[in-house]
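>>> Please find the sequence and the predicted model below.
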Amino acid sequence: MRLERLTSALDGARLARSVVDPAGNVLLGAGVRLTGRYIQRLIARGVVSVHVADAEVEEAVPDEADRAATRADLMRIARAAFARAAERRRAAGPDAGPAVLQAVVDQVWHRHGLSVDLAELRRASGYAFRHAVQCAVAAVRVGQALALGRRGLTLLGVGVLLQDIGILPYAALMQEPRPLRPEELARLQRHTAEGFLYLRDQAGLDPLSAQVALQHHERLDGSGYPKGLAGKEIHLFGRIAAAADVFDALTADRPFQAGMPPEEAMGILRRFSGEKLDPEVVRRLSEALGVFAPGTPVLLESGEVGIVTAGHGSDPRAPVVQMVLDARRRPTEGALFDLGREPPGRGVRQVLAEVPPAAGGRADRGASGRGEG
């Protein structure tokens, strides 16, 4: 079974899964062979993609064992991602993230078709599946920091987990061990609009969740796709998904290149901050994951303010920091401190958007806090 865009090229193909409308009414049953008339009627009803059989033999949706394995893999990857984030940050209070993600998984599994889609994504592209889970974890982390609330976190998590479901018809392109050619990239970019229409109209998801699939490649400066939205035209969920997507894409190992270190990737996000990515979302992502790029202004638990100059090897949450202001907001000599060697009480409490004003004036190093190398 494969998910295909609905065009006249599917004339003669056999449906592997029934096509239903948002109200749950069956428009065309599983096993029916598509004809030109059927295709035109489905397109007129807003259907953009269908599941078709790969062979003439009866092909069922993935069985319960496959779905169970997919769910187990999803939770294993998610738990590992949450554990890594917990090691990198000093959490203030109980972490509700794992429970929220469990609610996300339960909601997806309640809709049998969506759980089948995830199982298919897992088989078609291991990278795309892992990427979806890692992005969902990062998005939930940022949503928590922005106090979205349980319902908002669940809608966000569902949307990010399924944001690439429209990529299934293009799974072969994802396996290419090389950068894609321009015409291949153009084909791949269709997954945003097609995924949105599928999730909204056929899967019947909340429009806010479906919107994530449409907007996670939009950019603040209007350079993204598919609509070239800019600034606040992009929903907060889309802006969160965009930052999570870029960070994971940079750090993940791909068929044609190895992932970069998290601190280096976060440095790229900081350079995109305010231009292509939401600066507040980038700041919250850095703080939530405990990844501090060089040039990042930070508030320490001691009340001091510093600028990250380097990481600390195996413990990214304890970087090397050049002090800018003391606990009373007075300019300092700019001494370097390796937080991995400092006593408790001098760890990173918060990532700052900029270096705050010094008492009685501006900090010597300026208010931007920028200057990453």
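Nice, I can see it.
>>> what about the strands in the stretch 151-300 of the chain?
297-300 (DSSP state E, counting those that start in this stretch).
>>> Any buried residues in the longest helix along the chain, and which?
The residue-count maximum for a helix in the chain (DSSP state H) belongs to helix 64-88. Residues 66-67, 70-71, 73-74, 77-78, 81-82, 84-85, 88 are the ones in helix 64-88 that count as buried (16 or more other Cβ atoms under 10 Å). Just so you know, the C-beta spots here come from the backbone N, C-alpha and C atoms, and that holds for glycine as well.
>>> quick check: domain ranges of this structure?
Domain segmentation of the chain under automatic domain parsing yields 2-52, 64-281, 293-351.
>>> Check for me that residue 306 belongs to a helix.
No - going by DSSP: H, G, I helix; E, B strand; the rest coil, the assignment for residue 306 is strand, not a helix.
>>> what is it paired to in the beta sheet?
With DSSP bridges applied, residue 306 shows beta-bridge pairing to residue 298, residue 323.
>>> now it: how far from residue 353?
Separation of residue 306 from residue 353 (Cβ to Cβ, to the nearest Å): 15 Å.
>>> and what of residue 112?
Distance, residue 112 to residue 353, using Cβ to Cβ: 44 Å.
>>> Which residue of these two possesses the greater neighbour count?
Of the pair residue 112 and residue 353, residue 353 is the one with more neighbours under other Cβ atoms under 10 Å, namely 15 against 12.
>>> Nearest residue to the middle of this structure?
The chain has residue 135 as the residue nearest its centroid, 3.0 Å off, counting by Cα atoms, centre = their mean.
>>> which SS state does that one fall under?
From three-state DSSP, the assignment for residue 135 is helix.
>>> check contacts around it.
Shown in contact with residue 135 (Cβ atoms under 8 Å, 6 or more residues apart in numbering): 160-161, 163, 241, 244-245, 248.
>>> now it: how far from residue 123?
Residue 135 sits at a distance of 19 Å from residue 123 (criterion: Cβ to Cβ).
>>> just residue 116 next, same as before
Counting by Cβ to Cβ, the gap from residue 116 to residue 123 is 11 Å.
>>> Name the residue in these two with the higher neighbour count.
Shown here are residue 116 and residue 123; by other Cβ under 10 Å, residue 116 has more neighbours (21 against 15).
>>> how about the more buried one, secondary structure?
Relying on three-state DSSP, one would call residue 116 helix.
>>> Mind pulling up the pLDDT for it?
With respect to pLDDT, residue 116 scores 83.
>>> swap in residue 206?
Value for residue 206, per-residue pLDDT: 93.
>>> Give me the phi and psi for it.
Backbone torsions of residue 206, given as degrees, to the nearest 10, read phi -60, psi 140.
>>> Contacts only, for it.
Per Cβ under 8 Å, 6+ apart, neighbours of residue 206: 155, 158.
>>> Quick check: it vs residue 159, distance?
Residue 206 is 8 Å from residue 159, where distance means Cβ to Cβ.
>>> Could you do residue 229 as well?
The gap separating residue 229 from residue 159 is 16 Å, by Cβ to Cβ.
>>> and these two? which has more neighbours close in?
Each of residue 229 and residue 159 has its neighbours counted (other Cβ under 10 Å); residue 159 has more, 31 against 18.
>>> how about the helices in this structure?
Residue ranges of the helices in the chain, as given by DSSP H, are 36-44, 64-88, 97-110, 112-124, 126-145, 149-161, 171-174, 182-188, 191-197, 207-215, 236-251, 262-272, 279-289.
>>> low-scoring pLDDT stretches of the stretch 1-150 of the chain, where are they?
Applying pLDDT under 70 to the stretch 1-150 of the chain flags the ranges 22-25, 55-63, 88-94.
>>> can we see that at 90?
For the stretch 1-150 of the chain, the stretches with pLDDT under 90 are 1-5, 12, 14-33, 36-38, 40-41, 44-69, 79-99, 101, 109-117, 119-128.
>>> Surely residue 334 is in contact with residue 326, unless I've mixed up the numbering?
No - using Cβ atoms under 8 Å, residue 334 makes no contact with residue 326, being 11.4 Å away.
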